[in-house]
Structures are given as C-alpha cells and as structure tokens.
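[1] Let's see this in three dimensions:
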Amino acid sequence: MKVAGLGFRAAANERDLADALALAEGASPVDALATIATKVAALQTAFPHRKVIAVAVAGVVTPSQSQRIQAMHGTGSVAEAAALVAAGPGARLIAARRVIGRVTIAVAETDTGDSV
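    Below you'll find the predicted structure:
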C-alpha cells in the first residue's frame, strides 16, 4: 500500500493541497491520504473521492526533525509519521517530507498490503 502523508497550515487551501499531491504522485498514484485527526475534514473536502485516514503521530520516529512540530505533535514530521503509520507495519518512506508552499507531504509504502 502506498500512502501520502500530509501536514499543512490552516491557511492552506484546496489548490495548495492538490498541487502538493500532484507533485508527490507524479505518474504513480497513492492508495490513500493520511494526516492527523484535526486535518482530516480538510483533506476529505479537497479530495472527496480519495480514501483519507486519520492517524495518531505522537511518538513516531521520523527521519526529518522539526522542533516546532515535535513540540506540537510529538513527532519530527507529521507528513512522514502519518504516511508511515497509515501504510502499515513494515512501511518505509519512498519520498521524504517535501515542503510545497503551505503543505508538507511524504510518501510511504509497504509490500504487505496491511494498513490502518
């Protein structure tokens, strides 16, 4: 399963989210989108025909480390943590966090097909 994890500022709009996802997917679409519970509604509005998964990210170890995000959410990167958790056990990042305007996005994949 391939999952895009997204973190974004409150000022991010649907166009910002769509642009970030288009850049992250390229020619290889993801199976689902993941973010923290407080951001799920925004993703569901922006992508009504996509699977959107709410995940808990506190305590998830990520390669990228933002002190601000660590203090707010208990992880170094919401995007990386969300992608890893939603992709399931054994997931690995195939695209580390990338900041695109007001959106941060990362992609994780697992070969097992298991997901949250």
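[2] just the helices in the protein please.
    14-25, 40-46, 67-73, 78-87 (DSSP state H).
[3] Residue 7 contacts residue 76, correct?
    No - with contact defined as Cβ atoms under 8 Å, residue 7 does not count as touching residue 76 (11.0 Å). For every residue, glycine as well, the C-beta is placed using N, CA and C.
[4] Give the residues shared as contacts by these two.
    Taking Cβ atoms under 8 Å, 6 or more residues apart in numbering as the criterion, residue 7 and residue 76 both touch residue 69.
[5] the more surrounded of those two?
    Each of residue 7 and residue 76 has its neighbours counted (other Cβ atoms under 10 Å); residue 7 has more, 26 against 19.
[6] now the more buried one: how far from residue 68?
    Distance check for residue 7 against residue 68: by Cβ to Cβ, to the nearest Å, it reads 11 Å.
[7] Name the stretch among the helices of the chain that sits most buried.
    helix 78-87 (a mean of 30; mean count of other Cβ atoms under 10 Å).
[8] Could you list the paired strands of the lengthiest strand in the chain along with their orientation?
    Assignment by DSSP state E gives strand 92-100 as the longest strand of the chain. Strands that pair with strand 92-100, judged by DSSP bridges, come out as strand 103-109 (antiparallel).
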